[in-house]
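Participant: quick one, structure for this:
(2 chains)
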Amino acid sequence: EPEVTQTPSHQVTQMGQEVILRCVPISNHLYFYWYRQILGQKVEFLVSFYNNEISEKSEIFDDQFSVERPDGSNFTLKIRSTKLEDSAMYFCASTRDRTSYNEQFFGPGTRLTVL
Amino acid sequence: DAKTTQPTSMDCAEGRAANLPCNHSTISGNEYVYWYRQIHSQGPQYIIHGLKNNETNEMASLIITEDRKSSTLILPHATLRDTAVYYCIVRVADYGQNFVFGPGTRLSVLP
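Facilitator: Predicted structure coming up:
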């Protein structure tokens, strides 16, 4: 069964450093999402992406964040200058084609630790 | 903010049915009820969704009240692997819409 994959599974970085989290959505999916979950807290929406541009973003997704689909398979989340409060699990998700929009398939997540 | 209310936690004996309630009294006519679960720190997993009719799939059943103000997710024969946080979410069925997760119900399936 096709699945969303994410790399790395765990990223440790120093405060102020740039990080790029990578996701490979399911191949025929058209909408892509990033969510985050701070330890012990709710899953929070960050951004959705369609047709090579941002569709929607939350107030969490400020100028420090950016997303990109650099090729036909990868979908990346970049944090330009990490802060301690960026430490969280980051989940990528994708949605199937326009004929079905009811479930978002989530990846296993990347645990980001900012020291 | 999440538009649903769920109990914080529930226990269920292994092999028994787990019935997880959800209140969504402000649900709009074009909003669906979705259920997801999150096992430990894994990514959320889709379970089932419905608009107003009861739904069943290989994982669970979804019972929605006639006034659509509440629903119940039923896991017919809970196993230890069903221990997870279960999220009830209402949203418009639109491929561009994100999911707004609340705190969910932590279900513990006990041996």
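Participant: in three-state terms, label the spatially most central residue of chain A for me.
Facilitator: Geometric centre of chain A, nearest residue: A:Trp34, 3.2 Å, by CA atoms, centre = their mean. When classified by DSSP: H, G, I helix; E, B strand; the rest coil, A:Trp34 comes out as strand.
Participant: and it, bridged to which residues?
Facilitator: Counting by DSSP bridges, A:Trp34 is bridged to A:Val47, A:Cys92.
Participant: dump the residue contacts of it.
Facilitator: A:Leu21, A:Cys23, A:Leu46, A:Val47, A:Val67, A:Leu77, A:Tyr90, A:Phe91, A:Cys92, A:Ala93 (CB atoms under 8 Å, 6 or more residues apart in numbering or on different chains). All C-beta atoms are positioned from the backbone trio N, CA, C, and that covers glycine.
Participant: again, 6 Å this time
Facilitator: Taking CB atoms under 6 Å, 6 or more residues apart in numbering or on different chains, we find A:Trp34 in contact with A:Leu46, A:Val47, A:Leu77, A:Cys92.
Participant: what's the answer for B:Tyr36, then?
Facilitator: Contacts for B:Tyr36 (CB under 6 Å, 6+ apart) come out as B:Pro44, B:Tyr46, B:Tyr87.
Participant: just put those in CSV and tack on distance to B:Asn57 and pLDDT.
Facilitator: Shown next, in CSV, are the contacts of B:Tyr36 (distance: CB to CB, whole Å; pLDDT from 0 to 100):
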residue, distance to B:Asn57, pLDDT
B:Pro44, 17, 95
B:Tyr46, 10, 92
B:Tyr87, 17, 96
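Participant: sec struct for B:Arg81, please.
Facilitator: Classification of B:Arg81 using three-state DSSP returns helix.
Participant: that one: neighbour count?
Facilitator: The number of residues packed near B:Arg81 is 9, by other CB atoms under 10 Å in any protein chain shown.
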